[in-house]
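1. Predicted model and sequence follow; I will ask about them next.
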Amino acid sequence: MFGDIRFYLDDCDYVTVQGNTIIQSSLSIGLEIPRFCYHEKLSIAGNCRMCLLEISYPRSLKPLASCALPIMANMSIYTGTVMVKRAREGVLELLLLNHPLDCPVCDQAGECDLQDETAAFGGDRGRFYEAKRTVKDKDCGPIVKTSMIRCIHCTKCIRLCNEVFGEPSLGSLGRGVEMEIGMYDEEESIESELSGNLPDVCPVGALTSKPYAFRARPWELRSFETVDVIDSIGSRIRVDIRGNEVMRILPSQAEDVNEDWITDRTRFSYDGLKTQRLNAPMVKINGNFVPVSLDTAFRVSAKFLKSFIYPNSPMEETYLNIFLDKKTAIHGFFGDLTDTETLVALSDFFRELGANDVLFQENLNLCCDFRSNYLLNLSMDVIEKIDLCILIGLNIRLELPLLNLRIRKAFLYNNALIISFGFLTNLTYQYFQQGNTLNSVFNFLKGKSYVSKCLLDSSFPLILVGTDFVKLLSSTFCFEIFKSLAKYSNLFTETGWLGVSFVDSRISLNAARDLGFQYSGLNDEVVSRSSFIFLCNPEKALNICNVLNPFFFKIFLGHIGDSNAFLADVILPGSSFLEKDSLYLTLEGRVQKTKFLLTAPGFSRPDWKLVVALRLYFFTNFVDERLLVTDKTAPVVKEQLSEIDSIRRRIIDFSPSFCVPEVVNSLPSHTFFNFFSFAKYPMVYRGLFYVQNFLFVGNTTNFFFNNSITKNSKVMAVCAGRYSLRQRNFWK
């Protein structure tokens, strides 16, 4: 059993945990020891020898590597003696023998560990007059740029691929002076959705970012921390900006969320923020878009709403009666990147118009009565403790790669059993495929498969349900089936373990479910009976071929001009997540706030401000006051929701879970919501046999094209092409 032990560092008394190495103990007290090959998330290699220290008790005649030496009780360690200084100088001179003197053209300059240590321990002249060795650069794909002549063989990249990514693409070839780091097959490339993390761990610039190459220097950049919204994990990121342009995005360390890693689409999709960017309001006249002012765009939209709402009706009619037969013809749709403030503003606007339809683009039969039905009921660090994971209709590696890393750690360190019902794919760890039809899932729930026994024997089971499964069956039915297994297994316990979670990679849906939004899909039937559609950052292409109403009017609100924007009648330019302070609800139930980092181009404004401005413009200039008095569905028409605080108060009215302090909330939902007891319902299968033979076809969406930002990124386009080619070669 581990306990606290006492040790001495430079004649100062400290306490550390037994079993820690010397370098771990020194880092815990704030002392940095020079090193190249050590990383706290990777295994210990001990091959750079830069972290040499002198040990006086127990006495050692030579310096020892602190990264590989466990600390002992009463150990006396010295970090600044003559022996240590000479040892580090010798090691550094050896590492610099073949290293090129190309710091002025190296992208790692300014952030290079080798530069820092050379300034502290390097000599003023060299003693090596032989020819330096040359190493051929490797083709690692569109993300990683190589300059292998700089490599010092710290093997961080090899250990990262093998231990974290689960893709053993890199390895060491040769021995001695002929040793090289490269791929085992030179025709292959690094096939990982996390390959952008390789330049982060490289200490000398042998691996750098190819999209960032020769673009900026570290001292030219201003760094800010914010939250990523590309997927529902809500990774903490660091955005480096020069002027008003994003130069790069790096991970910000957050052990409880994304650790030290981010996905490639989070890291390199920033160039999609300025591609096809909308920067001015536009109105379609004779099939062509004409830039106008915001006031003109609001006037055109409001006049159509008035002509649609008041077609020669007497003013004595009440507000509610006028809208009674028209609310089914008014629809609003939101996309994957819509923030919470915009959702609330859009909901208020449509409620005052007499329509309650603010919908998502897909039909998901999801019950939102309890937050446990649509959020991840276990925090990310707790997932590493599971001993059984069952994936149903979910390709976790492509949809949520960071969550897949947690499951991989449970497989490696906790010997977890992974079972999948769905499409056969590579999840970077061993798992058992138990069928790809809905009938195989029913057999598991009825106790007719091997998986049923594994669930009964498991102490910490976890079932992750994907969108493919929920699209077929009602989520209420799905969760009631799993609840019926609670008395036979440990899926739900009184201690707070909730082993069933619905997983969705789109971050805006979490807040929409908290706010009680509907989920009727954007299908041809909805479009055909519509007269007015408000599109807010939509992702799915709108089909207007079957529109029956000749006065069909469309307003597009967003920051990227995609196919839906060109079909609209009025375009309102919105802001991206880096250009506004907005709230998002992550998969764990964390309320995260993005930061205002960039100035929106042109006349672009935050989405919620445009919705509120249009709403106030319409009800101020085109709606009679006598009609508003009798309307009970619009209690906040006259409230000036022009300030962000007013919108935040409305959000809390919708959902108290957004009542968070000024700082970013770091607690997941299950830590501040009481656990509720699950009722035991009998399993009912009537009416479901017609879908039992449904085949899970897997995630057909390209990993690098999951929203409008990534679809407009040039880097993601190149990565998507290589991904599609790799998928075709996989099935040959």
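-> Structure received. Residues are numbered from 1 along each chain as shown.

2. Name the residues of stretch 61-73 that are buried.
-> Neighbour counts over stretch 61-73 (16 or more other CB atoms under 10 Å) mark 63-69, 71 as buried. In short, each C-beta sits where N, CA and C put it, glycine included.

3. what's the closest of those to residue 233?
-> Using CB to CB, residue 67 comes nearest to residue 233 of the buried residues of stretch 61-73, at 30.6 Å.

4. Count the residues that sit near the closest residue to residue 177 other than its chain neighbours.
-> Counting by CB to CB, 6 or more residues apart in numbering, residue 177 lies nearest to residue 133, which is 6.3 Å off, once chain neighbours are set aside. By the criterion of other CB atoms under 10 Å, residue 133 has 11 neighbours.

5. Got phi/psi on residue 359?
-> Backbone torsions for residue 359, taken as degrees, to the nearest 10, come to phi -120, psi 160.

6. count of neighbours near it?
-> With other CB under 10 Å as criterion, residue 359 counts 19.

7. do residue 646 as well
-> 16.

8. and it, that's in a helix?
-> Yes. When DSSP: H, G, I helix; E, B strand; the rest coil is applied, residue 646 is found to be in a helix.

9. Residue 286 versus that one, what's the distance?
-> 39 Å (CB to CB, to the nearest Å).

10. Pull the contacting residues for the most centrally placed residue in the chain.
-> The residue lying closest to the centre of the chain (CA atoms, centre = their mean) is residue 231, at 3.5 Å. Contacts for residue 231 were tallied using CB atoms under 8 Å, 6 or more residues apart in numbering; they are 263, 265-266, 399-400, 402, 505-507, 706.

11. and which of those residues is nearest to residue 656?
-> residue 507 (20.1 Å).

12. From residue 260, how far off is the closest one?
-> Noted for residue 507: a distance of 21 Å to residue 260, by CB to CB.

13. ok, the two, which is more surrounded?
-> residue 507 (26 against 17).

14. Isn't that one up against residue 338?
-> No. Using CB atoms under 8 Å, residue 507 makes no contact with residue 338, being 9.2 Å away.

15. In this structure, where is pLDDT below threshold?
-> Scanning the chain for pLDDT under 70 picks out 1-3, 308-328, 356-357, 361-366, 472-480, 518-529, 541-551, 622-642, 660-701, 724-732.

16. same thing but 50
-> Where the chain drops to pLDDT under 50, the residues are 1, 313-325, 546, 625-640, 661-667, 669-691, 700, 731-732.

17. before we move on, the earlier item: closest one of the buried residues of stretch 61-73 to residue 653?
-> residue 67 (54.1 Å).

18. ok, that closest one - contacts?
-> 21-23, 35, 37-38, 44, 46, 51.

19. Tell me which two of the residues you listed sit farthest apart.
-> 22 and 37 (14.8 Å).

20. Alpha carbons of whichever strand or helix holds residue 8, as PDB, please.
-> Residue 8 is part of strand 4-9, with elements assigned from DSSP states H and E. This file holds the C-alpha atoms of strand 4-9, laid out as PDB (Å, rounded to 0.1, in the frame of the first residue of the first chain):
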ATOM      1  CA  ASP A   4       3.800   9.400   1.900                       C
ATOM      2  CA  ILE A   5       7.600   9.300   2.200                       C
ATOM      3  CA  ARG A   6      10.200  12.000   3.000                       C
ATOM      4  CA  PHE A   7      13.000  12.900   0.700                       C
ATOM      5  CA  TYR A   8      15.600  15.700   0.400                       C
ATOM      6  CA  LEU A   9      16.100  17.800  -2.700                       C
END
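
21. Give me the residues contacting that strand.
-> For strand 4-9, contacts defined as CB under 8 Å, 6+ apart pick out 13-18, 25-26, 29, 31, 57, 71-77, 79.

22. Would you mark the buried spots in it?
-> 5, 7, 9.

23. for these, which one is nearest residue 290?
-> residue 9 (71.3 Å).

24. In helices, which of the contacts of strand 4-9 appear?
-> Among the contacts of strand 4-9, the ones falling in helices (DSSP state H) are 25-26.

25. Type out the ChimeraX command that picks the buried ones from the contacts of strand 4-9.
-> To isolate the buried ones among the contacts of strand 4-9 in ChimeraX, judged by 16+ other CB under 10 Å, type:
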select :14,16,25,26,71,75,76,77,79
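
26. In strands, which of the contacts of strand 4-9 fall?
-> Residues of these located in strands (DSSP state E): 13-17, 57, 76-77.

27. Please identify which pair of these lies farthest apart.
-> 17 and 57 (19.6 Å).

28. Direction included, what does the strand holding residue 8 pair up with?
-> strand 12-17 (antiparallel), strand 76-78 (parallel) (DSSP bridges).

29. Kindly report the domain assignment for the chain.
-> Here the domain parsing of the chain from automatic domain parsing is 4-95, 103-214, 375-503+674-699, 701-732.

30. Residue 617 looks like it's in a strand, true?
-> No. Read with three-state DSSP, residue 617 is helix and lies in no strand.

31. Verify the stated contact: it with residue 296.
-> No. Residue 617 is beyond contact range of residue 296, at 11.1 Å (criterion: CB under 8 Å).

32. Overlap in contacts, these two.
-> Common neighbours of residue 617 and residue 296, using CB under 8 Å, 6+ apart, do not exist here.

33. The residue nearest to the centre of the chain: which element?
-> Using DSSP H and E, residue 231 falls outside every helix and strand.

34. distance of it from residue 298?
-> 34 Å.

35. Next, the contact list for residue 654, please.
-> Listed by CB under 8 Å, 6+ apart, the contact set of residue 654 reads 344, 347, 514-516.

36. now do residue 570
-> By CB under 8 Å, 6+ apart, the neighbours of residue 570 are 281-284, 297, 300-301, 554-556.

37. go again using 6 Å as the cut-off
-> By CB atoms under 6 Å, 6 or more residues apart in numbering, the residues touching residue 570 are 283, 297, 300-301, 555.

38. who wins for most neighbours among those?
-> residue 297 (25 neighbours).

39. Pull the contacting residues for that residue.
-> 281, 570.

40. what do you get for residue 380?
-> Applying CB under 6 Å, 6+ apart, we find residue 380 in contact with residue 406.

41. Tell me how far it lies from residue 42.
-> Distance, residue 380 to residue 42, by CB to CB: 19 Å.

42. repeat for residue 151
-> For residue 151 relative to residue 42 (CB to CB), the value is 17 Å.

43. So for those two, which residue has more residues nearby?
-> A side-by-side neighbour count of residue 151 and residue 42, using other CB under 10 Å, places residue 151 first with 22 against 18.

44. What is the burial count for the residue lying closest to the more buried one once chain neighbours are set aside?
-> Distances taken as CB to CB, 6+ apart place residue 206 nearest to residue 151, at 4.0 Å, with adjacent residues excluded. Residue 206 is flanked by 27 other residues according to other CB under 10 Å.

45. I'd assumed residue 149 was in contact with residue 206.
-> No. With contact defined as CB atoms under 6 Å, residue 206 does not count as touching residue 149 (8.0 Å).
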